[in-house]
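Participant: Provided below are the primary sequence and the corresponding predicted coordinates.
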Amino acid sequence: MDYILSLITFIPLAGVLLLLVMPRNNALLRGVALAVSLITFIASISLICEFKSIADYQFVENIPWIAAGSFRMNYHVGIDGISLWLVILTTFIMPIAILSTWTAVEEKVKEYMICLLLLQVGMLGAFISLDLFLFYIFWELMLIPMYFIIGIWGGKNRIYAAVKFFIYTMVGSLLMLVAIMYLYFKAGAGDFDISRFYGLGLDPGTQTWLFLAFALAFAIKVPMFPFHTWLPDAHTEAPTAGSVILAAVLLKMGTYGFVRFAMPLFPDATARFTPLIATLSVIGIVYASLVAMMQEDVKKLVAYSSVAHLGFVMIGLFALNQQGIAGGMLQMINHGISTGALFLIVGFIYERRHTRLISDFGGLSKQMPIFATIFMIVTFSSVGLPGTNGFVGEFLVLLGGFESKLRLWTILASSGVILSAVYMLWMFQRVMFGELSNPKNQVLKDLNGREIAIMTPLIIMIFVMGIYPKPFIDKMTPSIEKLIVQSKQKQVASVVLPPMNMAIQEMPAGHPALPTGHPVEAK
Amino acid sequence: MELALPQMNFLTIMPETVLSVVAMALLLVNVLVKSKEKAYLGYLSLAGLVGALFTIPWGQKISGFEEMVLQDNFSSFFSVIFILCAVMTILICDGYFKKEGCNHGELYPLILFATVGMMFMAKATDLMTVFLGLEILSVALYVLAGFNRDNVKSNEAGLKYFLLGAFSTGFLLYGMALIYGATGTTKIAKIALAAQNGAVSGNMMFLVGMLLMATGFSFKIAAAPFHMWTPDVYEGAPTPITAFMSAGPKAAGFAAFLRVFIIALPSLTVQWSDLLWILAVLTMTTGNIIALSQDNIKRMLAYSSIAHAGYALVGFTAHNASGVSGILFYLLSYTFMNIGAFAIITIIGKKGEANNNVQDYAGLGVKRPVLALCLAIFLFSLAGIPPTAGFIGKFYLFAGAVQQGYIWLAIIGVLNSAASVYYYLRVMVYMYMKTPEEDFNWVKLTPAVALCIIIAVAGVLIPGIIPNSVLNLAAISLP
């Protein structure tokens, strides 16, 4: 069991090699891909069972990889409470995504499945990497399959969307690469192990630049407000499975990056930029909600709702307290489940009608009762109705934000809760209720067994996490506490100074009165 | 009367000797054997190259011919690059030149002579040897660029290359003359010694000599603003020769440039690293921006090769251990990825250099999936995306710059890299995302070309995933 993480990460790669040599029999290819993703998921269940609720990294593997010149890069992987659920989310969403393409993708099935499984390798690798260089490799590795998924199997405007997605992400991540190099040389000779970079005690000026470089890469991925323009294009053009993975997992790379790297690595800069990030998040929430409201295309609406939801996640994370971060982390998983489900639902009606315009529908609930029920549950989850997972996450985020320095921003952000109800329920009403007037809609078939099978696990998770989220939060708690300590390092260190501890506690970080780079720094 | 024989050490030029002898023998064989089939000459030259590869010594530092040449790991590393470059080029030559109807036997000896010239450039510890190697290389290349003698563009390429090459050699030679005038020696180690004297290094002649040599070398490595010849020559020359020119001679130019500037001119480090900073930025930016709008894929790769010289110059500007070993690693990887890409372009192209536009690659991914996949790997490596050798090389180059404090240079470099992604992706868009217009039935994958592509894919992927051994070799091969 020592190599369980590598096993989980590279089972899909073995699947890729297997698919490469297989004949072009579509049913067989789909079956093998599904089997591979299911095996990965089952293997990943053992992580939950054996995971101990402690702050340390677990299932660690550390193998020397590159040692040349002044550089040491290791294959260093491991998970803690923060990455555990994201790994599980990835392995959980993958079989669902593959199953959703059963009839949607008829051309180049082999290549499609290879791309999906390669993407999974990249995503899992990025979540488990504890070596910055290794993280960067996996981070970039995700781009290539996603680029092809959008560009080959996407909609009309797919090439534009694919290239835009690639270049946007590439610019951000290359600047992060320079920051990684700089950080490495600041830390002195050694390896790229992230724990070496935590608590480096960089001066605030350096932190600012490094934080900006990291934050740009992650903000593009999240996506945060001014960098979000690639997302509606990519989502709208991508095939259903691509949208599902993009929404459920790839966007989490950005928020995960903030939690794992940007915040704990640069505590001073985090404190300094918290108002800016919170402002952008609030703008993102309100703006994306308003734009979503006006969309005529269901898929675009869901895409914009992603931007709004991830704004909540960011507020929760930057609240930097137990409730806020737990809420943010939970909301990441929730968003993966509910928005993934929404994209699947959009996929179902698109496959039937080959249109996604709200105006083309109406009264579907009479024709498709099972579909209507499922759609309703998912909509409630996305809106954050109590009893569904969305409520728990949003509530914790707002609670955490309200108790932190971000009170004002949180109050503004909570308008997003109402706005999300407006655009989601309005859309639901226009699509599902009313007159079944369009003759093409009068012959629509309800969901078939496969489609119900795809949605069932998602619906179950919506309720499980909505009614009993404790086990999820419990596994995260120690890691979140550690993260809070790391991300507030400078501030805590200053408190230790005896004579003026009371005064400093209330001061914002980076205050001119504080001696920077003071010898009393927490290790 | 005492006759002072210069101290010779033939061991130091063993690989060059082998190659020269093979090349001259092949010239004779070509005349004596009356056969239209010339492929056997290719096989013989391959045998010669592989033989030469085994005579390259490692781990020794032997000076020969009164310090005219120095056999060290640096020269061995570059010799391996040159031999690989020649081997891969020869593998794709036969099919191409038969298709073009100019299957002349002189081709192979010329490639071998060019290789000898490059090896001398990497070995040179005397400005005269640099010049000698450069001329052996250049004269062979002028002929090779115009080898397709019935094609106007090829003729133009040959002539243009000759005129500009001669011009740039003039700069180089004039610079050498001024350095000699200032220091009284052409041996690079002694130049450094002489320049320790402030009166010498402060001499205007010395500085101007450095500038003129930098200009000459910049012509050879096609650094902006001395890159104007590159696109026309690369586009017009026969495709396999373009592959050869973009990898080998560029690496040779860097070898001599590195050795002369790092060993002979440490006293001017501040000046030349500032100069190289500017050259690097100009070169990367010019190459990438113009490449964005190219339709002809050979021309696009020509501009991209200008940009790649710019990335290597980033490492040169830093001239620290990671920067310079990054250059060595990068030039080796570049040989694999660029010749690999050109190998595919060679077989996709039709007679008369037709079918070389990006649009002609529409649907290649459907019709010839394996070839398209290989080309995609090469292009991703050129774009510097992991897990390819191109990424590791760029990482070391830029890390060298960051380590030396050239943060902005590294940032400009990575932004350039991001811009370059666009034109590499454009080829991929056509290969995979457009519907095929032709069925590519003329594409003949001969065993030789297949071998070349396999070598290239291995050379891109293996050092991309487990780069340790190559990186360590590069790390002990500093000048």
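Facilitator: Sure thing, it's come through.

Participant: make it CA atoms for all contacts and neighbour counts henceforth
Facilitator: Will do.

Participant: pull up the residues of chain A that are close to chain B.
Facilitator: A:65-70, A:137, A:140-141, A:151-152, A:159, A:163, A:167, A:170-171, A:174-175, A:178, A:181-182, A:185 (C-alpha under 8 Å from any C-alpha of the partner chain).

Participant: keep only those of these that are in helices.
Facilitator: Among these, the residues falling in helices (DSSP state H) are A:137, A:140-141, A:151-152, A:159, A:163, A:167, A:170-171, A:174-175, A:178, A:181-182, A:185.

Participant: about what we covered before: of the residues of chain A next to chain B, keep whichever come out buried.
Facilitator: By neighbour count, with 16 or more other C-alpha atoms under 10 Å in any protein chain shown, the residues of chain A next to chain B hold A:65-69, A:137, A:140-141, A:151-152, A:159, A:163, A:167, A:170-171, A:174-175, A:178, A:181-182, A:185 as buried.

Participant: name the helices or strands packed onto the longest strand along chain A?
Facilitator: Longest strand of chain A, by residue count under DSSP state E: strand A:58-68. Judged by 3 or more C-alpha pairs under 8 Å, 6 or more residues apart in numbering or on different chains; DSSP states H and E, strand A:58-68 is in contact with strand A:71-79, helix B:468-475.

Participant: what strands line up against that strand, and which way round?
Facilitator: Here strand A:58-68 is paired, per DSSP bridges, with strand A:71-79 (antiparallel).

Participant: mean confidence (pLDDT) on the very next helix or strand once past the strand it pairs with, please.
Facilitator: Following strand A:71-79 in sequence order, the next helix or strand is helix A:81-100 (DSSP states H and E). The average pLDDT within helix A:81-100 is 91.

Participant: for whichever helix or strand comes after helix A:81-100, give the mean pLDDT please.
Facilitator: Remark: after helix A:81-100, the chain's next helix or strand is helix A:109-128, criterion DSSP H and E. What helix A:109-128 shows for mean pLDDT is 91.

Participant: same deal with stretch A:46-53?
Facilitator: 87.

Participant: show me the contacts for the closest residue to residue B:83 other than its chain neighbours.
Facilitator: The shortest distance from residue B:83 to any non-neighbouring residue, by C-alpha to C-alpha, 6 or more residues apart in numbering or on different chains, is to residue B:49 (6.3 Å). Residues in contact with residue B:49 (C-alpha atoms under 8 Å, 6 or more residues apart in numbering or on different chains) are B:19, B:83, B:86-87.

Participant: phi, psi of residue B:49?
Facilitator: Backbone geometry at residue B:49, expressed as degrees, to the nearest 10, gives phi -70, psi -40.

Participant: same question for residue B:350.
Facilitator: phi -100, psi 180.

Participant: beta partners for it?
Facilitator: Bridge pairing for residue B:350 - DSSP bridges - gives residue B:354.

Participant: hmm, residue B:394 is touching residue B:382, no?
Facilitator: No - using C-alpha atoms under 8 Å, residue B:394 makes no contact with residue B:382, being 9.7 Å away.

Participant: what's the spacing between the helix or strand of chain B with the lowest mean pLDDT and its chain's center?
Facilitator: Using mean pLDDT, DSSP states H and E, the weakest-scoring helix or strand in chain B turns out to be helix B:198-201, at a mean of 84. Distance of helix B:198-201 from the chain centroid (C-alpha atoms, centre = their mean, to the nearest Å) equals 34 Å.

Participant: C-terminal to that helix, what's the next element?
Facilitator: helix B:204-221.

Participant: elements contacting that following helix?
Facilitator: helix B:152-183, helix B:239-259.

Participant: would you mind identifying the next helix or strand past the first one?
Facilitator: Using DSSP H and E, the helix or strand that directly follows helix B:152-183 along the chain is helix B:188-195.

Participant: run through who's touching the strand or helix carrying residue A:454.
Facilitator: In the assignment (DSSP H and E), residue A:454 maps to helix A:449-467. The contact list for helix A:449-467 (C-alpha under 8 Å, 6+ apart) reads A:96, A:99-100, A:334, A:337-338, A:341, A:374, A:377-378, A:381, A:386-392, A:472.

Participant: in ChimeraX, select just the buried ones from those.
Facilitator: Here is the ChimeraX command that picks out the buried ones among the contacts of helix A:449-467, judged by 16+ other C-alpha under 10 Å:
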select /A:96,99,100,334,337,338,341,374,377,378,381,387,388,389,390,391,392,472
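
Participant: for residue B:253, see how far away residue B:222 is.
Facilitator: 9 Å (C-alpha to C-alpha, to the nearest Å).

Participant: comparing the two, which residue is more hemmed in?
Facilitator: Remark: of residue B:222 and residue B:253, residue B:222 carries more neighbours, 28 against 22, as counted by other C-alpha atoms under 10 Å in any protein chain shown.
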